[in-house]
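[1] have a look at this fold, sequence not included:
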Ligand SMILES: Cc1ncc(C[n+]2csc(CCOP(=O)(O)OP(=O)(O)O)c2C)c(N)n1
Ligand SMILES: [Mg+2]
């Protein structure tokens, strides 16, 4: 059997139906994909585009996303997308068609021997679960099975698989004769160390008892719920208990705004009602969130300070490292919730419900404290009003992203994809391409004027494949998230974010790519234009031109403030009316 055919047959046997590709020394692999009936190449315009598309394919299907590129510059172009998978625990396999080992420098003390030689294994070692090069056919089956297995086992993530060009076209390969990873001691050891569900009986009892005794419980949802495919189990728990929820960026699309006790996004750019809810809780159940400091604020001792805390995560190294926690549980969230749901719950939290709903009514995110409207938040809320029930919304990085986290009102079947831990500008457009190709459903891009320019070349893909993608550019003509920091710490010296930064005419750019486009700048026309754009499925770009002052994110938590004290500040008297625990001096 030809080696490249074997590799592609292996992927097809894992139900992978698309590989995001850019051609080069992987040509044999791409040729085998092309000749296979159940799997297709999707050739993007840049390797980073292929990487982010594979990333989104994995996020929306739960399957392993696959991208393949050439050695050297192809691989380095992919690095950002690989890192993004690593930090957001996205299962993905990145295959590099590499330089033959005989043409590599080996032990020689030189920079490069072969053309386009780069040590991709070392390069990607710190941003993958496993990075390997197949140096001879003896290891091919073992390494391929191992690498693919690791993408999904335990805490998910990316692997790097380098397959030199000279091996791809060998035709004398018989996988039946080669050793399998699944027969190995290495595999048995990994399985033995995986989370064991029947060990957590006691933890489940304790958690159920904490829930039943709590007067002010809150669940903080992280990206782990989606990764564990535990959304339905979480809904069951909420049906039984009606516990209020808040979410991190990565947890946004696990429970929609259809749940009445969804208090929203927490943290430095969270909503005031979410932060007040955390601040006043007496029980905090953290499900699949690593509690990074954008969520907890820098004064971690003030975060959920009146609450007993339980943290559940599949990765034991994430447990309890940021705050004192009463109960730490290493478990797969699906197992954990399945078991927890078998317990009986008697909760008495009506007073708490009234309280948290009063937070929400007092401080709607679309309003300033004086009642005037916040245009940036309103635009995002208007987008949500016209979305279809199963749209996938792909969001870039910057102020517009925080506005989405605060104000995009979701429905149960919608997905919202972010570059969470890595915060990579340029994510949204190729992610939308991957999502829509994976599901056949419509995807929506919400990007800034900066982020969209980072992978704008992928508009060509939308046209070539006639994809149902709507692109909203929240165009404040600046890299405004950074401008905000320069205002605070650098006396508003907006070098790079406003000064010596520029944007093209996006409407004309889209037109050049053959994509329908419009521009809207009058505030009173925006709602109607947004609605019109979303009323069809065909590709379209809408340049929403807005003054930078209208995207500035509020409320926000300054680094030296207790968790509930967000800027713009409430008077002490007003804040005290909401507090069930003492304010920090
Ligand atoms: C690849 C990359 N480069 C730089 C940054 C730093 N950064 C974070 S947000 C941001 C501004 C984004 O500007 P834009 O896309 O216009 O969004 P806005 O904040 O204006 O809404 C920058 C430069 C980043 N996150 N990613
Ligand atoms: Mg901008």
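    Looks like it arrived, so ask away. From a predicted model like this one, the values you see are computed outputs, not experimental measurements. Ligands and ions are numbered 1, 2, ... in the order given.
[2] nearest residue to residue 175 other than its sequence neighbours?
    Nearest residue to residue 175, sequence neighbours excluded (C-beta to C-beta, 6 or more residues apart in numbering): residue 141, at 5.0 Å. For every residue, glycine as well, the C-beta is placed using N, CA and C.
[3] which stretch of helix or strand covers that neighbour?
    Using DSSP states H and E, residue 141 maps to helix 140-152.
[4] show me the strands in the stretch 151-300 of the chain, by range?
    For the stretch 151-300 of the chain, strands defined by DSSP state E, counting those that start in this stretch occupy the ranges 158-164, 217-221, 245-247, 262-265, 283-287.
[5] mind giving me the packing neighbours of the last one?
    So that's strand 283-287. helix 201-213, strand 217-221, strand 308-313 (3 or more C-beta pairs under 8 Å, 6 or more residues apart in numbering; DSSP states H and E).
[6] kindly report the same for the second one.
    In terms of contacts (3+ C-beta pairs under 8 Å, 6+ apart), strand 217-221 is packed against helix 231-241, strand 245-247, helix 272-280, strand 283-287.
[7] so which of these comes closest to residue 456?
    Ranking these by their distance to residue 456 (criterion: C-beta to C-beta) puts strand 245-247 first, at 30.2 Å.
[8] average model confidence for that closest one?
    The pLDDT scores in strand 245-247 average 98.
[9] show me the shaky parts of the chain.
    Residues of the chain meeting the criterion pLDDT under 70: 195-198.
[10] SS state for residue 394?
    Secondary structure state of residue 394, per DSSP: H, G, I helix; E, B strand; the rest coil, is strand.
[11] can you check which of the strands of the stretch 151-300 of the chain gets nearest to ligand 2?
    strand 262-265 (19.8 Å; C-beta to the ion).
[12] residues in contact with that closest one: which ones?
    218, 244-249, 252, 255-256, 270-271, 273-274, 277, 356, 359-360, 365, 405-406 (C-beta atoms under 8 Å, 6 or more residues apart in numbering).
[13] so how far is stretch 66-77 from its chain's centroid?
    Centre-to-centre, stretch 66-77 and its host chain are 22 Å apart (C-alpha atoms, centre = their mean, to the nearest Å).
[14] re the thing from before, residue 518 is nearest to which of the helices and strands packed on strand 217-221?
    strand 245-247 (32.4 Å).
[15] need the residues of the protein near ligand 1, please.
    Contact residues (C-beta under 6 Å from any ligand atom) of the chain with ligand 1: 396-400, 423-426, 448-451, 474, 476, 478-482, 551.
[16] can you verify my assumption that residue 55 contacts residue 85?
    Yes. Counting by C-beta atoms under 8 Å, residue 55 touches residue 85, with 5.3 Å between them.
[17] overlap of the contact sets of these two?
    65, 92.
[18] including mean neighbour count and distance to residue 511, could the strands of the stretch 151-300 of the chain go into TSV?
    Below are these laid out as TSV (neighbours: other C-beta atoms under 10 Å; distance: least, C-beta to C-beta, whole Å):
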stretch	mean neighbour count	distance to residue 511
strand 158-164	26	36
strand 217-221	26	41
strand 245-247	27	38
strand 262-265	23	35
strand 283-287	25	46
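[19] format these as CSV; extra columns: distance to residue 582.
    Listed next are the strands of the stretch 151-300 of the chain as CSV, based on distance: least, C-beta to C-beta, whole Å:
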stretch, distance to residue 582
strand 158-164, 45
strand 217-221, 18
strand 245-247, 21
strand 262-265, 21
strand 283-287, 17
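[20] possible to save these as CSV with distance to ligand 2?
    As requested, the strands of the stretch 151-300 of the chain are exported to CSV (distance: least, C-beta to the ion, whole Å):
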stretch, distance to ligand 2
strand 158-164, 29
strand 217-221, 28
strand 245-247, 24
strand 262-265, 20
strand 283-287, 32
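[21] for residue 464, find the nearest of the ones you listed.
    Evaluated over the strands of the stretch 151-300 of the chain, closeness to residue 464 peaks at strand 158-164, with 26.4 Å, by C-beta to C-beta.
[22] distance of the residue of the chain found nearest ligand 2 from residue 541?
    The minimum distance from the chain to ligand 2, using C-beta to the ion, falls at residue 448 (3.8 Å). Using C-beta to C-beta, to the nearest Å, we find residue 448 at a distance of 14 Å from residue 541.
[23] between the two, what contacts are shared?
    By C-beta under 8 Å, 6+ apart, the residues touching both residue 448 and residue 541 are residue 473.
[24] and the stretch 401-550 of the chain, which residues reach ligand 2?
    Within the stretch 401-550 of the chain, the positions adjacent to ligand 2 are 448, 449, 476, 480 by C-beta under 5 Å from the ion.
[25] same deal with the chain?
    Within the chain, the residues that sit near ligand 2 (C-beta under 5 Å from the ion) are 448, 449, 476, 480.
[26] and those residues, which two are furthest apart?
    Farthest-apart pair in these is 449 and 480; separation 9.0 Å (C-beta to C-beta).
[27] thinking again about what came up before, which ones are touching the residue of the chain closest to ligand 2?
    So residue 448 contacts 396-401, 425, 473-476, 479-481 (C-beta under 8 Å, 6+ apart).
[28] dump those into TSV; add secondary structure as well.
    Output for the contacts of residue 448, formatted as TSV (three-state DSSP):
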residue	secondary structure
396	coil
397	coil
398	coil
399	helix
400	helix
401	helix
425	coil
473	strand
474	strand
475	strand
476	coil
479	coil
480	helix
481	helix
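[29] export the residues you listed to CSV and append columns for neighbour count.
    Shown next, in CSV, are those (neighbours: other C-beta atoms under 10 Å):
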residue, neighbour count
396, 29
397, 23
398, 26
399, 24
400, 31
401, 27
425, 21
473, 30
474, 29
475, 23
476, 27
479, 22
480, 28
481, 24
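[30] out of those, which one sits closest to residue 374?
    So of those, ranked by how close each gets to residue 374 (C-beta to C-beta), first place is residue 399, at 11.7 Å.
[31] so what's the closest one up against?
    Per C-beta under 8 Å, 6+ apart, neighbours of residue 399: 376, 448, 474, 476, 480, 481, 484, 551, 552, 553.
[32] the helices in the stretch 251-400 of the chain, which residues?
    272-280, 293-296, 333-340, 350-362, 375-385, 399-407 (DSSP state H, counting those that start in this stretch).
[33] for the second one, which positions count as buried?
    So that's helix 293-296. Neighbour-count burial for helix 293-296 flags 294, 295, 296 (criterion: 16 or more other C-beta atoms under 10 Å).
[34] isn't the second one right up against residue 266?
    The one in question is residue 295. Yes. With contacts counted by C-beta under 8 Å, residue 295 reaches residue 266, the gap being 5.7 Å.
[35] please name the residues that touch residue 218.
    Residue 218 touches 243-246, 263, 277-278, 281, 283-285, 304, 307, counting by C-beta under 8 Å, 6+ apart.
[36] excluding its backbone neighbours, what's nearest it?
    residue 281 (4.3 Å).
[37] distance-wise, check the residue nearest to the spatial centre of the chain relative to residue 309.
    In the chain, the residue lying closest to the centroid (C-alpha atoms, centre = their mean) is residue 418, at 3.9 Å. Distance from residue 418 to residue 309, counting by C-beta to C-beta: 25 Å.
[38] mind checking which helix or strand the residue of the stretch 1-150 of the chain found nearest ligand 1 is in?
    Closest contact between the stretch 1-150 of the chain and ligand 1, by C-beta to the nearest ligand atom, is at residue 80 (6.8 Å). Residue 80 is located in helix 73-87, with elements delineated by DSSP H and E.
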